[in-house]
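> here you go, sequence then predicted model.
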Amino acid sequence: MFSTVLIANRGEIALRVARTCREMGIRTIAVCSDSDRESAVARYADKCVRIGPAQPRRSYLNAAALVTAALQNGAEAVHPGYGFLSEDPDFAEICEANGLTFVGPPAALLRRLGDKAQAKEIARAAGLPVLPGSSRSLLTAEEAREVADRIGYPLIVKATAGGGGRGMTVVRDSRDLGRAWGQARAVAQATFGDPRLYIERFLENARHIEVQVLGDGRGGVVELGERDCSVQRRRQKLIEETPAPGLPRELSERIRAAAVHAACEVNYAGAGTYEFLVDDGDFVFMEVNCRIQVEHPVTELVTGIDLVREQLRVAAGYGLSVTQADVQLRGVSIECRINAEDPLRDFMPTPGTVTEFLPPSGHFVRVDTHGFPGFRVTADYDPMLAKVSVWAPDRRQAIARADRALQEFRVVGRGVHTTQEFLREVLRHPAFRAAKHTTDLVDTMNQEPEHG
Amino acid sequence: MFSTVLIANRGEIALRVARTCREMGIRTIAVCSDSDRESAVARYADKCVRIGPAQPRRSYLNAAALVTAALQNGAEAVHPGYGFLSEDPDFAEICEANGLTFVGPPAALLRRLGDKAQAKEIARAAGLPVLPGSSRSLLTAEEAREVADRIGYPLIVKATAGGGGRGMTVVRDSRDLGRAWGQARAVAQATFGDPRLYIERFLENARHIEVQVLGDGRGGVVELGERDCSVQRRRQKLIEETPAPGLPRELSERIRAAAVHAACEVNYAGAGTYEFLVDDGDFVFMEVNCRIQVEHPVTELVTGIDLVREQLRVAAGYGLSVTQADVQLRGVSIECRINAEDPLRDFMPTPGTVTEFLPPSGHFVRVDTHGFPGFRVTADYDPMLAKVSVWAPDRRQAIARADRALQEFRVVGRGVHTTQEFLREVLRHPAFRAAKHTTDLVDTMNQEPEHG
Amino acid sequence: MTIETTDAAPPGIDELCRYAERLTESTPGPLKSLRVRSGDLLVELEWSRPEAVTVAESGTTLATVGVTVTAETPTAVEDGTFVVSAPLVGTFYRAASPSERPFVQVGDVVVAGQQVGIVEAMKLMNPVEAERPGRIVDVLVADGTPVEYSDALIVLAPA
Amino acid sequence: MTIETTDAAPPGIDELCRYAERLTESTPGPLKSLRVRSGDLLVELEWSRPEAVTVAESGTTLATVGVTVTAETPTAVEDGTFVVSAPLVGTFYRAASPSERPFVQVGDVVVAGQQVGIVEAMKLMNPVEAERPGRIVDVLVADGTPVEYSDALIVLAPA
């Protein structure tokens, strides 16, 4: 096993990775930007290296700085966490070129699956159902028009280099296609440095279902059940749970089998997530995420498997510690993402210093957070303050427990607001309780009076 | 189900009970003494009633104050937690006499099992192996001498009204019996208001194994596996785990079957613990604890069952939510009790104000604590600051995880010390790692140089 | 955030310190500890008698503020009067029975140890006594009201 | 950030001392210890009565106290000198190559923008420049030493 690992990330996930490393006896090198000098992981890791100013481009997205910090401190591997460079094939290559093991799929695979149009083709070739759309990236508005006329409206224009809900535009009328296409192209260029786009049919009210897989890189793949991430705001997940409530067992098995099949086809290595849309009894493949995901705790809570540990094992060549037979799904788990945002002001981020910080605790409650009393919420990074995950034998108890946990979370700081109470409203919402909700639940809630 | 419950306790267990009540939609009435006005549960509960000064005798042991507080605030039931009046038959009677449901076994059963000599006889009658000794309470030194000559030395003199490791004296030589008897009698009178004693053979280096049972009060009993509580200091438990490491499966099954049989015999109601001593392949019954126990979290972590919820269900006449078939034991769980004591000064309690309080968190770590930044550790009550429990698929990982959790626990306050580091030494101890330890591990450790 | 702490730091402390000084002047008794915080605008004065604490704050940092009032000793109020408080949780009665006259009325002068009321708990009538001599200036709790331990019942002025 | 005000150490301490004096005046009793920290504007006075403590703080937890030096702008040191710090993580070199002479020596006068060293990261030679004119008074890091982003490298005094 590695003796030293550099964690190329920040916030709760950096701390999450450091914890497993410590349990495995691995020395941890954290990195921090100027605004993270006093961060939880900076104090937690065996060493913390200052890599740059607050701007991600010059710190957490700075491959040269990360690799240099790793080499200077004797790291043998780099764990990228999620976001930032976690799915960047170039970063993976640079690591390998410098003798550092990148904890994730090989660069070549990251490249193929990172191209969302190509990933969709690979899935289709593997026999997975996909939405009608362009079979490759499109370059001109004319190409787009042809495809659009073929598949019809509403449709969605996606950035080839996008993913995770970013870089998408819904078009409901052919007259809007031209303008939407131009804008999407500009945004894609600006956001991902890659103007390529592709088009597919847009499903109005679908469920977001994803399957967690672990691959040993030698063709061996196990799945750890599905997650329902349908509670989203502007395509950003707020609440995730497993198993997917109300999903017919047979359909769940078909989706999970599809994910395993697709992962085997590409010889998947490490932790990955196959995302699907489910709409009255049918499912279609959306994309693959080649990283540990924010919502991985719910899978850990029902399986008992430490996903970061499996990532490190595979990266170190030890293979997986579990076979499919070892994977026993037990009970229900729900994760709530608490953001430092003000739901009453259109979820505007609320930076400030947290003077009181008392996370929930006690039976069957798990908290992943980088917060602490005195923690400064900055505008430099995403506003997620904590993930509160609960486990219970059934969904009714899990919802009650999640509500209890959210209620007891104390976050006090001048100017700081959180989404706790909003999330509790989601938990109370009839559609959510009945598991009849789709990805538009939160947007409809925000149109309801008390959120006018 | 009850609409309002009064929690007749303090500290972490009061908070623990309040949390389950909240999840069940039950209104909670907390009580507090003068020194607990700012306690976590005082802020957490729906209402908190001041019942008296710091001295337990005038507050948490004051049945009249507790019952009055319950009646004044519309409570239908009283949860006694552990310690204080949790196993007091008189208190249970007073509650029932005032129309309040006592969450625990009926007074009559508390009385029978609370008399440790009688409890031992009941167990023997039910066919459980017990240590040779007096079959009833003894009154005179002469009686004691007779029994002692019969069973031989070393022997242990126990207070009939004792239990939980309190009111015990080991006698290794017949010449010491007279003096020991006199002292034990005086101590029993002073501590329990009951001078009665009994005698039994003393087992030098045994393992402390206990079985968690749940009874529905109608003859239905399920067992939730055993716990090993052999890591003790002066008979006070420091670390508990389940399953008992190195305990042969067949022996574990025999012990658990014995506990279930004995509990059925007395029609046990609610949560109870049958304690045994295990010595090379044999086990003997010690006593029954008719309450929720400090170490219940490890059982909850491997079974997924909320024990407080089951207590409330049974008390409310709903019966248990699980059958024996539903009880699936999964993985390994270890609990570490962190006390505000200084191991380097013979575990002297260290009162003071905690200025920094950052409990461990993250994957598979559970913390039960009433602490918070600003919390005042007083000399008025027991020095337990927190219970840190972990879960893992196997014992090796569980130990590593417990060590990780203990290491990240930050408790800072002028004059305040904790037992964290000492507990980490126990976790590192070869005897503990090899599961070869017995109840004398900690005492032998304290004789080793670095604890001279 | 920068702006926030900058305008909160020295000026905030300055204000609070002045406020703290005012409080020390306006209140009798030897000061035991004084805490000024500008993080959440908290001023806490504690006198060497553990039972009297004055707190002025905005924000919810009460968790760190120890307010302790014991029923053992009468509680001092600024103007030198004293409060007799409930010795236990129960129901407060001003008279031995509905038919009888109250133990005391406003204006009465009582001696130390004189019974001024009853707190009934589980049918037990617990006498409430004046810990020191004085004149009854106020009865704070109506006859037959449930009270908690240490609730203020009656206010006495030095006779 | 608090930190920036903390960085301006001398004035901060002045003020804290003034608060301390004022607080002593408002509180009688023999002083036992006095602590002044500029780390997060903490002033602590302790009287011989062990439990009597006066604390004036801005912000809450000392765990979060820290000093941030940004590499963007030169850092002021008490005596008016300035520090040139590492623009990125890498290895510091004083010369373009082992055979050549160092870019600067102690005593040299440099103009704004003049190269004073190199930080090498992944074979890339990144020039380190003096942000403002001055005279080299100290070189803090030996040639070939690994440095982190914003490590202090060279001290300049106004020319």
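Everything's here; your move.
> I'd say A:R410 and A:F357 touch.
Yes: with contact defined as Cβ atoms under 8 Å, A:R410 reaches A:F357; the gap is 7.1 Å. Just so you know, the C-beta spots here come from the backbone N, C-alpha and C atoms, and that holds for glycine as well.
> can you pull out the strands in chain C?
Using DSSP state E, the strands of chain C run over C:31-37, C:42-47, C:53-57, C:75-76, C:82-85, C:90-93, C:109-110, C:115-121, C:124-129, C:134-139, C:145-147, C:152-157.
> and the ones you listed, which one is worst for confidence?
Across the strands of chain C, strand C:53-57 has the smallest mean pLDDT, namely a mean of 35.
> regarding chain A, what is its longest helix?
The residue-count maximum for a helix in chain A (DSSP state H) belongs to helix A:174-192.
> run the chain-centre distance for that one.
In terms of Cα atoms, centre = their mean, to the nearest Å, the centre of helix A:174-192 is found 24 Å from the chain centre.
> neighbour-wise, which of A:R410 and A:F357 wins?
Using other Cβ atoms under 10 Å in any protein chain shown as the criterion, A:R410 and A:F357 rank with A:F357 on top: 24 against 17.
> just the element for the closest residue to that one other than its chain neighbours, please.
Spatial nearest neighbour of A:F357, excluding adjacent residues (Cβ to Cβ, 6 or more residues apart in numbering or on different chains): A:P373 at 4.7 Å. Counting by DSSP states H and E, no helix or strand carries A:P373.
> residues near the residue of the stretch 251-400 of chain A found nearest chain D, how many?
As assessed by Cβ to the nearest Cβ, chain D sits closest to A:G374 within the stretch 251-400 of chain A, at 3.2 Å. Using other Cβ under 10 Å, A:G374 has 24 other residues around it.
> that one is in contact with A:E356, isn't it?
No: between A:G374 and A:E356 there is no contact, the gap being 9.7 Å when judged by Cβ under 8 Å.
> residues in contact with the residue of the stretch 1-150 of chain A found nearest chain C?
Nearest to chain C in the stretch 1-150 of chain A, going by Cβ to the nearest Cβ, is A:S35, at a distance of 9.4 Å. When contacts are counted by Cβ atoms under 8 Å, 6 or more residues apart in numbering or on different chains, A:S35 is found next to A:A54, A:R376, A:T378, A:D380, A:Y381, D:T68.
> what bridges to the second one?
Going back to what we said before, that points to A:R376. With DSSP bridges as the criterion, A:R376 is bridged to A:T353.
> before we move on, the earlier item: which one of the contacts of A:S35 has the most neighbours?
The residue in the contacts of A:S35 with the most neighbours, by other Cβ under 10 Å, is A:R376 (23 neighbours).
> export the one helix or strand A:V67 maps to to PDB, keeping only CA atoms.
Taking DSSP H and E as the definition, A:V67 sits inside helix A:63-72. Presented in PDB, the C-alpha positions along helix A:63-72 are these (Å, rounded to 0.1, in the frame of the first residue of the first chain):
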ATOM      1  CA  ALA A  63      -1.500  20.700 -12.000                       C
ATOM      2  CA  ALA A  64       2.100  21.800 -11.800                       C
ATOM      3  CA  ALA A  65       1.800  23.100  -8.200                       C
ATOM      4  CA  LEU A  66       0.000  19.900  -7.100                       C
ATOM      5  CA  VAL A  67       2.500  17.500  -8.700                       C
ATOM      6  CA  THR A  68       5.500  19.600  -7.400                       C
ATOM      7  CA  ALA A  69       4.000  19.500  -3.900                       C
ATOM      8  CA  ALA A  70       3.500  15.700  -4.200                       C
ATOM      9  CA  LEU A  71       7.100  15.100  -5.400                       C
ATOM     10  CA  GLN A  72       8.700  17.500  -2.800                       C
END
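> run through the bridge partners of the residue nearest to A:T419 when sequence neighbours are not counted.
Counting by Cβ to Cβ, 6+ apart, the nearest residue to A:T419 once its immediate chain neighbours are dropped is A:N339, at 4.8 Å. Taking DSSP bridges as the rule, A:N339 bridges to A:M384.
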